[in-house]
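Student: I would like to see how this sequence folds:
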Amino acid sequence: MRGSRLALRLVALGYLAVLLLVPVGLVFWRTFEHGLAPVWASVSTPAAIHAFWLTVEVAAIAVPLNALFGVIAALALVRGRFRGKWLLDALIDLPFAISPVVVGLALLLVFGRSGWLADLPVQVIFAVPGIVLATVFVSLPFVAREVAPVLREVGDDQEQAAATLGASRWQAFWRVTLPSIRWGLAYGVVLATARALGEFGAVSVVSGKIAGQTETLTLLVEKRFENFDLAGAYAASTLLALIALATLLAMTALRRREE
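Tutor: Have a look, this model is predicted:
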């Protein structure tokens, strides 16, 4: 029995090493094989700096919107009683079922030059608003799916007690509900942030890949690789990997606090 458990652990670790550790380690090795100077030169170019801050800006817009929607959707699914709840439940998971490229194409058909909403006063496609919309859609489910189980677990007894003591709905939410879901909310926000920072497919369709305007970090990696700038592609990839590592550490810490 002990030998079989050890074998299963070795198989699992070997599987992870082949699929994750070896490729990521190879990227880091290729990035720093010539020292830090070429890496710094690659990530400090105007294009790389703009791509980094655009990626952060898009995430800073998309994640709070999804956090707000996720809390409202979770409350509606767990506490609400209305017709069509199953439809809302299914729509939340829609980004998991649809390819991000299809999402980008749908946005292009709606907001593009010949789309249904082509006459808006603000340019959406091939501009930052289109990137934000695509990122919001692909990172939509995470907060709702993390908060809803917590709401079911804590129940509504404390909220009802607060209501009997004269608390308004907003007071009950702010002082009772929100503290009870804070770790689930934080974990969902971290997941949504990771998804927003690493999005490629939908953003690739709607951004236009305009250097210095609509080029995110993931698009910069693709552009440099296609231009045979392997050192620059590896450097940008390493920056994304470091962001992902920081996100992973935050997820682990929050999961422990939640438990």
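
Student: so how many other residues sit close to residue 212?
Tutor: For residue 212, the count of nearby residues is 11 (other Cβ atoms under 10 Å). The C-beta positions use only the backbone N, C-alpha and C, and glycine is treated the same way.

Student: Can you give me every residue that contacts residue 89?
Tutor: Residues near residue 89 by Cβ atoms under 8 Å, 6 or more residues apart in numbering: residue 77.

Student: May I have the phi/psi pair for it?
Tutor: Phi and psi for residue 89, reported as degrees, to the nearest 10, are phi -60, psi -40.

Student: buried ones in the strand or helix carrying residue 86?
Tutor: Residue 86 is part of helix 85-92 when elements are defined by DSSP states H and E. Within helix 85-92, the residues scored as buried using 16 or more other Cβ atoms under 10 Å are residue 92.

Student: helix or strand right after that helix?
Tutor: Sequence order places helix 94-97 as the next helix or strand after helix 85-92, per DSSP H and E.

Student: Any figure for the gap between residue 92 and residue 101?
Tutor: Plainly put, residue 92 is 20 Å away from residue 101 if you go by Cβ to Cβ, to the nearest Å.

Student: what do you get for residue 188?
Tutor: For residue 188, the distance to residue 101 equals 25 Å [Cβ to Cβ].

Student: What of residue 48?
Tutor: Using Cβ to Cβ, residue 48 is found at 25 Å from residue 101.

Student: who's more crowded, these two?
Tutor: Taking neighbours as other Cβ under 10 Å, residue 48 and residue 101 compare with residue 48 leading, 20 against 13.

Student: other SSEs contacting the host helix or strand of that one?
Tutor: Assigned by DSSP H and E, residue 48 belongs to helix 46-79. When contacts are defined as 3 or more Cβ pairs under 8 Å, 6 or more residues apart in numbering; DSSP states H and E, helix 46-79 packs onto helix 36-43, helix 85-92, helix 128-138, helix 141-154, helix 178-197, helix 217-226, helix 230-258.

Student: Could you dump these into TSV and include distance to residue 208?
Tutor: Output for these, formatted as TSV (distance: least, Cβ to Cβ, whole Å):
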stretch	distance to residue 208
helix 36-43	23
helix 85-92	28
helix 128-138	8
helix 141-154	27
helix 178-197	19
helix 217-226	10
helix 230-258	19
